[in-house]
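Asker: turn this into a model:
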Amino acid sequence: MNYNALAIDGPAAAGKSTVAKLLAKRLGYIYIDTGAMYRAATYKAILLKIDLNDPDAFSFLDNTKMDFHDGELYVDGENISQKIRTHQVSNNVSLVSSHISVRNKLVAIQQQIAKQANVVMDGRDIGTVVLPHADLKIFMTASVEERARRRHEENLLTGIESEYNRILKDIEKRDKFDSTRIYNPLRQAEDALYLDTTTLDINKVTDNIYKQFIAIINAKRSE
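Answerer: Predicted structure coming up:
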């Protein structure tokens with residue numbers, strides 16, 4: 001059976017996860033937050049006290065189980081969706097995700113999930129690497145100031161200590177790291193729809209993508 005896939009890429013705090021969750025729920029698809037998977041790898045590495053600069057130290061991922069249930073990430077049976085949102089994880093996740101060994105392992109898991117179910121997947125390299133044949137690809141972004149504001153408000157709502165200026169600098173640093181890394185950098189797929197959400201309502205963005213995706217799937221079925 002051929003399953004359907006919607007890929008959403010873009011920089012940190014562009015609104016990808018919020019839109020992807022809404023779309024997955026509306027479509028009845030599985031939502032895969034690949035960014036959370038890299039955060040989880042970072043979080044576990046910190047707990048294990050390994051050298052985050054050493055790619056070979058991440059062999060523990062071979063024995064790490066990651067699953068998504070109702071949009072929440074479970075690692076080795078534990079829901080760590082909130083534990084991976086700390087400043088320490090945020091400041092190190094770009095480094096960890098730049099390791100080829102880490103990316104290869106997690107990309108393989110992501111691709112395997114997409115072979116077994118309809119998915120809405122968001123991240124940095126979904127349309128370019130993970131799901132190059134996705135039915136619809138979106139590259140979502142927003143101004144760095146707006147993204148920092150969103151992340152700041154999100155942190156406050158979830159009870160995480162937050163400073164706007166610190167978040168702004170962290171996002172700028174991460175943007176540069178993600179877009180300039182040698183292996184699978186953040187970039188827009190040639191056939192992706194560019195979407196700047198700086199001044200757009202998230203619900204309207206979701207409706208727009210949903211209508212386009214449904215049209216593509218209906219056309220696919222009629223072939």
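Asker: nearest spatial neighbour of residue 5, chain-adjacent residues omitted?
Answerer: Distance criterion Cβ to Cβ, 6 or more residues apart in numbering; nearest residue to residue 5, sequence neighbours excluded, is residue 134 at 4.3 Å. Using the backbone N, CA and C atoms, a C-beta is placed for each residue, glycine as well.
Asker: can you report how many residues lie near that neighbour?
Answerer: Other residues near residue 134 come to 23 when the count uses other Cβ atoms under 10 Å.
Asker: and if you look at residue 71?
Answerer: 17.
Asker: dump the residue contacts of it.
Answerer: 21, 24, 31, 33 (Cβ atoms under 8 Å, 6 or more residues apart in numbering).
Asker: quick check: mean pLDDT of the helix or strand hosting residue 110?
Answerer: Using DSSP states H and E, the element containing residue 110 is helix 100-114. Average pLDDT, helix 100-114: 95.
Asker: and the next helix or strand past it?
Answerer: Toward the C-terminus from helix 100-114 - assigned by DSSP H and E - lies strand 119-123.
Asker: related to what we said a few turns ago, the residue nearest to residue 5 touches residue 8, doesn't it?
Answerer: No: with contact defined as Cβ atoms under 8 Å, residue 134 and residue 8 do not form a contacting pair (9.3 Å).
Asker: which ones are touching the residue most central in space within the chain?
Answerer: Nearest to the geometric centre of the chain sits residue 123, at 2.9 Å (Cα atoms, centre = their mean). Residue 123 is in contact with 8, 9, 16, 33, 34, 35, 110, 130, counting by Cβ under 8 Å, 6+ apart.
Asker: cool, residue 77 as well?
Answerer: With contact taken as Cβ under 8 Å, 6+ apart, residue 77 is in contact with residue 65.
Asker: what pLDDT does it get?
Answerer: 94.
Asker: for residue 22, which non-adjacent residue is closest in space?
Answerer: Closest to residue 22 by Cβ to Cβ, 6+ apart is residue 206, at 4.5 Å.
Asker: export whichever strand or helix holds that neighbour as PDB, just CAs?
Answerer: Residue 206 belongs to helix 202-222 when assigned by DSSP H and E. Taking Å, rounded to 0.1, in the frame of the first residue of the first chain, the C-alpha atoms of helix 202-222 are listed here in PDB:
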ATOM      1  CA  ILE A 202      -2.100  29.900  11.900                       C
ATOM      2  CA  ASN A 203      -5.600  28.600  11.400                       C
ATOM      3  CA  LYS A 204      -5.800  30.200   7.900                       C
ATOM      4  CA  VAL A 205      -2.300  28.800   7.100                       C
ATOM      5  CA  THR A 206      -3.600  25.300   8.100                       C
ATOM      6  CA  ASP A 207      -6.800  25.700   6.000                       C
ATOM      7  CA  ASN A 208      -4.800  26.700   3.000                       C
ATOM      8  CA  ILE A 209      -2.300  23.800   3.200                       C
ATOM      9  CA  TYR A 210      -5.200  21.400   3.900                       C
ATOM     10  CA  LYS A 211      -7.100  22.400   0.800                       C
ATOM     11  CA  GLN A 212      -4.000  22.100  -1.400                       C
ATOM     12  CA  PHE A 213      -3.100  18.700   0.100                       C
ATOM     13  CA  ILE A 214      -6.600  17.300  -0.300                       C
ATOM     14  CA  ALA A 215      -6.700  18.400  -4.000                       C
ATOM     15  CA  ILE A 216      -3.400  16.600  -4.600                       C
ATOM     16  CA  ILE A 217      -4.500  13.400  -2.900                       C
ATOM     17  CA  ASN A 218      -7.900  13.400  -4.800                       C
ATOM     18  CA  ALA A 219      -6.000  13.900  -8.100                       C
ATOM     19  CA  LYS A 220      -3.700  11.100  -7.100                       C
ATOM     20  CA  ARG A 221      -6.600   8.700  -6.400                       C
ATOM     21  CA  SER A 222      -8.200   9.500  -9.800                       C
END
